[in-house]
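*Asks:* One predicted model, sequence on top.
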Amino acid sequence: MSVAVEPRTRPPRLAVAGQQRSALGRVMLYAVLAALSAIAVLPFLWMVFGAFKTGQEIRQFPPDLLPREWTLDNFRTILDDPEMPLLTFYKNSLFVAVMNVVVQLFLASLLGYIFAKYAFRGRQPLFWYLMLLMMIPPSVMMIPSYLILSRLGLLNNLWGLVVTVAINPFAVFVMRQFITQLPNDQIESARIDGASEWRIYLSVVLPQVRPALATLALLEFMFNWNAYLWPLIVLTENSKRTLPVILTWYSTQHGAQLNLVMAASVLLVIPVLAFFLFTQRWIVAGLTLTGGK
Amino acid sequence: MKRTLAATLSSTAAALALVLTACSGGTGSSTGGNGDASPTGPGGGDGGAGDMTGTLRVWTHQNKSFNKSYKALAEAYMAEHPDVEIQFETFVYDTYIQTLQTSLPAGTEADVLQMFGSWTCSYSSNLATVPADVMTVADAQAAYFPGPLGGYLCDDQLYGLPQESNVEYGAVLVNTDMAAAVGTSTDGWATYDDFIADAQKLTVKDGNAITRAGYHFTTNDGMAYTFLSLILQNGGSYLADDGSFTFQTPEAKASMELMKRFVDAGITDPTLFGDTTNWVGDCFFTEICAMGLVGPWVVPEYAGDFPDVAAVTKYAPLPTLDNAHFAADSGWGLTVSGASQQQALAWDFVKYVAADQANAQQWNLGTSTLPALQASIEAPRATSWCRSCPTSSRSSTSSIRRSTSAACPTATASSTTSSCRTCSTCCRTARASTRRSRPSSSRPTRSDADPCPSPPTPRAAPARSPATAARAGSGSPQRRFRKIVLTPSLAYLAFFTLLPLVWVVALSFFSYSPRREGSGIGGLGGANPFVGLDNYRGMLDNTGANPLAQTFQQSLLVTVIFAFLVLPLNLMITLPLASMIEAVARRLRPVFRTIFFMPVLTSAVAVAVIWTYVLNPQFGLANSLLTKLTGHSTVIAWINDPTLVVLGVPVALLAVIAAYLWMDIGYNLVIFIAALQGIPHSVTEAAVLDGANAWQRFRYVTLPLLKPTIMLTAVLTMISSFQAFDLFQVMTLGGPDRQTRVLALDIYENAFRFQSMGWAAAESLVLMLLVLVVALVQSRLLRTTWEY
């Protein structure tokens, strides 16, 4: 294995020595990586190929990887199925994910700003309380939150998935970290110039944390888009469901027709996966920046 | 009428008629006999036909043929009553139960509710009784078979009208193409020996693996009905004198031995053919079962998707032992909500559907279900099916009476429900094609007597937090701004975070179900009594008296094993992988990183669905690869076979771990890659100059420098694996034998399926404690002060 060093900064002699030593190792390295990559990719391919197999072929024993006869019928069946209004489910998922991102980021940046730049009594305990909330497993909150939603009449309502998590302690924490780093002078001088506090928040603070906001937005979007447990509890009506929940529903309804289930998975997974792959640079940045989840 | 009947029957795979021939020892179904007028003419709503107006909401569970038949009758009803509009809402079976449980106490349910007989009494406090002008109890007892009716009678009050008798034993689905190919019978068998011999001929094996089951009966429903029916056929009874179940009889032993013979004969494999893999309907219609035991309702359910198989499907009677008895239980029927504003109309419609003989029969024919109305079988033309064997018609009827009506004596509501539910919940769950619900549903539900829950009072909007308002003076704009932001935030936090925390702790000291209305704040107290530390104490129970405790303890163990396997495996993969990716050409790094990161971006549900297919015993990638590698067919039920255990860890759990790792390593991978990039070049260069090889550099330079990152990721990985839910819920639902029932799943099931929220709250607090302790210990163990 060679050293991961910028070639330009590395002395020439060392570079040559390193390359010579790892000539064989390099082949092995790529072989191992290729094998592991194959394992990582195969399940996806299995899904995609399964979606193009006929019902007859997918139930053939033993199965082949590639479809012998490629068919689009599975997709047609799903798109024609009145019980699978895909557009509705995409809309539901989009609504929940976007509303959560908007509401959470707005409140997190606002609170992050207050925690970072305002001194007030109870700031420390309040912040610790938020940190404590981060440590509490979702299973603990889900029972009482469900009972609260049921009393508010928000079960089976997409807003139910937004109101319970409007203040996201993790996002508040991240925003506070970033806003703390902003120089106080700017805020002070804006204040002297007569800017209102809202103005300062909007025009001084927010623009400077835009990269962090974008990263957080993508992360939150992804988490909410893929969320399962809470939507499963809150949404019991089919037409209200989000994509992950509808996928399990579909796979239990049509479990015997694996070709249809795989086609449904492809339709529900691939478009968003493409979007996430396109933006993964920022998602990765967000994860490494914040230590994950 | 008769001819139409026969025609309809043959077109719906003759299911109804053929199951009835089962009782007549295998004679043909299309017997003669001339049409007798039905007792009630079609559309016989007696009187008041014109007065009905309004909109009627009807809730049913999702079943294609059931709902088609309901809608046909609703259309006819609306044609007779132009001022009535009937709206249907259908729910997936599992969801339906959940919806009923939450809606009935809240009074938000529809006017007419489809119910399974054995459920009715547990909801009776929220249901309306059948008005005497619709049907008296005595009339109902005369009109319906006692079996189906028994489910709707609670404390001598009638709460609904049954539509079907649920008999799922007596005849089997036979694929006539397969039978013709090996020359086996499609008309029935004289003895079980003949039957087993035929089933063996129909079985296809590849090595030791069954690739086509000759006779699939190894579902919860199938085994329960077989067992109970065989006890009756052996001349025994499964009910003790007090109405409870008893299996300590020689007849029960003989029945069990016969069932064991089926399995020993190699005609099915309970691990490959069960409820979760290859459920009878799926299995039969995807042609990997030649014969299957399931109720006739399954035929119309699948015929649309699998017309080719439906065309060669026949329903053939099973042999009987000494007595031609079958065990049956209550079936689907209609009830009316007690909160309905449209009760008169609702009952008129229910009567139209379930009491009118012609309509009820139309419904039974459309759904291939056995009638609940005696007239539908005992009408002369119908009895002709069974007349060829005069006693059998009687005996099948009386066995229905014996089984359910005896199991549901007219005692108290609670005893009715509990004794009924034991047999019928386990039987019922497979009905909707949701095959995932079994393992847990066979557990008795624990909220028996519901003392009339009434709608919860709406909670007032959250009050402003007075503490903050008082403190902040209204002086400077900063203060005002802070107040404007913090006051609602604090109110929000109090209402949506502090209140739930207090609530969950409080819940854990109560025996609470949202279906019962308690007396105090939040429904706690009264019918949801304070039990002190009993929930916590109950978790430690090791006497086996508390089934919940056993499940909890096992879940805890599974969770711990899962987390302690996932963490080292994860690090063992991600750390070397990260350094390998760091070592490849710069241009290729993002490619590899993307490949391993893709599953992270995919929803866990999709991952679970994909992996379920990858691990499918017959059609999956895993077994297909193994078959190619080893050269002989491998059929392993990775996530369904409880007997597979490696080094004390169930294979099912390992399979989920594999999927979990596949999904999860991308996280740690990108974090490690970033950390590796942060290591100063001078450090690694120095190691190279000192002559360290790749391993030594990794072990003595990279690893120590990564220690802070490893610590953080280890803690986060551990915490998240303690809470893993999605994969388990979708892939295994905790099965087989609860081998993969993790704590998060147990909490979810207890809270939302069984509605024991007090117990589940206590469990969730234990999970929280566990997470906190592990995080604390881990960060102590891995603490490091290394800086570079």
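*Replies:* All right, it came through fine. For clarity, every value in this text was computed on a predicted model and none was experimentally measured.

*Asks:* For the closest residue to B:Thr249 other than its chain neighbours, what is the enclosing helix or strand?
*Replies:* Spatial nearest neighbour of B:Thr249, chain neighbours left out: B:Gly236 (5.0 Å); criterion: Cβ to Cβ, 6 or more residues apart in numbering or on different chains. All C-beta spots, glycine's among them, are computed from the backbone N, C-alpha and C. Here B:Gly236 is covered by no helix or strand, with elements defined by DSSP states H and E.

*Asks:* okay, now B:Gly236: neighbour count?
*Replies:* When neighbours are defined as other Cβ atoms under 10 Å in any protein chain shown, B:Gly236 has 20 of them.

*Asks:* Got phi/psi on it?
*Replies:* Main-chain torsions, B:Gly236, degrees, to the nearest 10: phi -100, psi -170.

*Asks:* so what's it up against?
*Replies:* B:249-252, B:255 (Cβ atoms under 8 Å, 6 or more residues apart in numbering or on different chains).

*Asks:* for B:Pro650, same thing?
*Replies:* Per Cβ under 8 Å, 6+ apart, neighbours of B:Pro650: B:642, B:644, B:736, B:739-740.

*Asks:* What's opposite it in the beta bridge?
*Replies:* Beta-bridge partners for B:Pro650, by DSSP bridges, are B:Val645.

*Asks:* between the contacts of B:Gly236, which is nearest chain A?
*Replies:* B:Ser255 (30.2 Å; Cβ to the nearest Cβ).

*Asks:* where in the chain is pLDDT low?
*Replies:* Just going to use chain A. Along chain A, the model assigns pLDDT under 70 to residues A:1-22, A:289-293.

*Asks:* looking at chain B here, not the other one
*Replies:* Checking chain B against pLDDT under 70 turns up B:1-51, B:94-95, B:102, B:106, B:328, B:378-475, B:782-788.

*Asks:* circling back to that earlier point, which two of the contacts of B:Pro650 have the greatest separation?
*Replies:* B:Leu644 and B:Thr740 (12.2 Å; Cβ to Cβ).

*Asks:* Of those two, which one has the most company?
*Replies:* A count of neighbours by other Cβ under 10 Å puts B:Thr740 above the other of B:Leu644 and B:Thr740, at 25 against 19.

*Asks:* which non-adjacent residue is nearest that one?
*Replies:* B:Thr732 (4.4 Å).

*Asks:* For the stretch 1-150 of chain A, which segments are assigned as helices?
*Replies:* Taking DSSP state H, counting those that start in this stretch, the helices of the stretch 1-150 of chain A run over residues A:12-21, A:23-51, A:55-58, A:73-80, A:86-117, A:123-135, A:138-152.

*Asks:* Oops, could you answer that again for the stretch 401-550 of chain B instead?
*Replies:* Under DSSP H, counting those that start in this stretch, the stretch 401-550 of chain B gives helices at B:406-407, B:413-428, B:438-441, B:466-471, B:477-493, B:499-507, B:534-539, B:547-583.

*Asks:* highest average neighbour count across these?
*Replies:* Among those, helix B:413-428 has the highest mean neighbour count (mean count of other Cβ atoms under 10 Å in any protein chain shown), at a mean of 23.

*Asks:* could you measure the residue nearest to B:Thr249 against B:Phe349, distance?
*Replies:* 42 Å (Cβ to Cβ, to the nearest Å).

*Asks:* got the CA positions of stretch B:214-227 in CSV?
*Replies:* C-alpha atoms of stretch B:214-227 as CSV (Å, rounded to 0.1, in the frame of the first residue of the first chain):
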residue,chain,number,x,y,z
GLY,B,214,-46.4,-31.5,-2.5
TYR,B,215,-48.7,-30.2,0.2
HIS,B,216,-48.3,-26.9,2.0
PHE,B,217,-50.2,-26.8,5.3
THR,B,218,-47.5,-25.5,7.5
THR,B,219,-48.9,-22.0,8.2
ASN,B,220,-50.3,-20.9,11.5
ASP,B,221,-53.8,-21.1,10.1
GLY,B,222,-53.2,-24.4,8.3
MET,B,223,-51.6,-26.1,11.3
ALA,B,224,-54.2,-24.8,13.8
TYR,B,225,-57.1,-25.9,11.6
THR,B,226,-55.5,-29.3,10.8
PHE,B,227,-54.7,-30.0,14.4
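
*Asks:* Can you mark which positions in it are buried?
*Replies:* Using 16 or more other Cβ atoms under 10 Å in any protein chain shown as the test for burial, stretch B:214-227 gives B:214-227.

*Asks:* will you turn the residues you listed into CSV that also has distance to chain A and secondary structure?
*Replies:* Converted to CSV, these look like this (distance: Cβ to the nearest Cβ, whole Å; DSSP: H, G, I helix; E, B strand; the rest coil):
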residue, distance to chain A, secondary structure
B:Gly214, 16, coil
B:Tyr215, 19, coil
B:His216, 13, strand
B:Phe217, 18, coil
B:Thr218, 17, coil
B:Thr219, 14, coil
B:Asn220, 16, helix
B:Asp221, 16, helix
B:Gly222, 17, helix
B:Met223, 20, helix
B:Ala224, 22, helix
B:Tyr225, 22, helix
B:Thr226, 23, helix
B:Phe227, 26, helix
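
*Asks:* returning to that earlier point: considering the contacts of B:Gly236, which possesses the most neighbours?
*Replies:* In those, the most neighbours by other Cβ under 10 Å go to B:Ser255, 24 neighbours.

*Asks:* who touches the residue nearest to it when sequence neighbours are not counted in this structure?
*Replies:* Once flanking residues are discounted, B:Ser255 sits nearest to B:Leu230: 3.5 Å by Cβ to Cβ, 6+ apart. Counting by Cβ under 8 Å, 6+ apart, B:Leu230 touches B:254-255, B:258-259, B:321.

*Asks:* Leaving out the residues flanking it, which one is nearest to A:Leu45?
*Replies:* Nearest to A:Leu45 is A:Leu65, by Cβ to Cβ, 6+ apart, at 7.2 Å.

*Asks:* er, B:Thr497 I mean
*Replies:* A:Leu133 (5.7 Å).

*Asks:* Same check on B:Ile581?
*Replies:* Per Cβ to Cβ, 6+ apart, closest to B:Ile581 is B:Phe592, 4.8 Å.

*Asks:* one step back: burial of the residue nearest to A:Leu45, as a residue count?
*Replies:* A:Leu65, neighbours per other Cβ under 10 Å, totals 13.

*Asks:* surely it meets A:Trp46?
*Replies:* Yes. If you go by Cβ atoms under 8 Å, A:Leu65 and A:Trp46 touch, sitting 7.2 Å apart.

*Asks:* Quickly list what's touching both of these two.
*Replies:* B:Leu621.

*Asks:* and B:Gln114, what element?
*Replies:* Counting by DSSP H and E, B:Gln114 is found in strand B:112-116.

*Asks:* who does that strand touch, helix- and strand-wise?
*Replies:* strand B:54-61, strand B:332-336, helix B:343-354 (3 or more Cβ pairs under 8 Å, 6 or more residues apart in numbering or on different chains; DSSP states H and E).

*Asks:* In CSV, list the C-alpha atoms belonging to that strand.
*Replies:* Extracted C-alpha coordinates of strand B:112-116, given in CSV (Å, rounded to 0.1, in the frame of the first residue of the first chain):
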residue,chain,number,x,y,z
VAL,B,112,-70.6,0.6,9.2
LEU,B,113,-67.6,-1.4,10.2
GLN,B,114,-66.5,-4.7,8.9
MET,B,115,-65.4,-6.9,11.8
PHE,B,116,-64.1,-10.3,12.3
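
*Asks:* what lines up beside that strand in the sheet?
*Replies:* Strand B:112-116 is paired, per DSSP bridges, with strand B:54-61 (parallel), strand B:332-336 (antiparallel).

*Asks:* can you put those in a markdown table and add mean neighbour count?
*Replies:* Formatted as a markdown table, these follow (neighbours: other Cβ atoms under 10 Å in any protein chain shown):
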| stretch | mean neighbour count |
| --- | --- |
| strand B:54-61 | 20 |
| strand B:332-336 | 27 |
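
*Asks:* Turn these into JSON lines, columns for distance to B:Phe510.
*Replies:* Below are these laid out as JSON lines (distance: least, Cβ to Cβ, whole Å):
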{"stretch": "strand B:54-61", "distance to B:Phe510": "30"}
{"stretch": "strand B:332-336", "distance to B:Phe510": "30"}
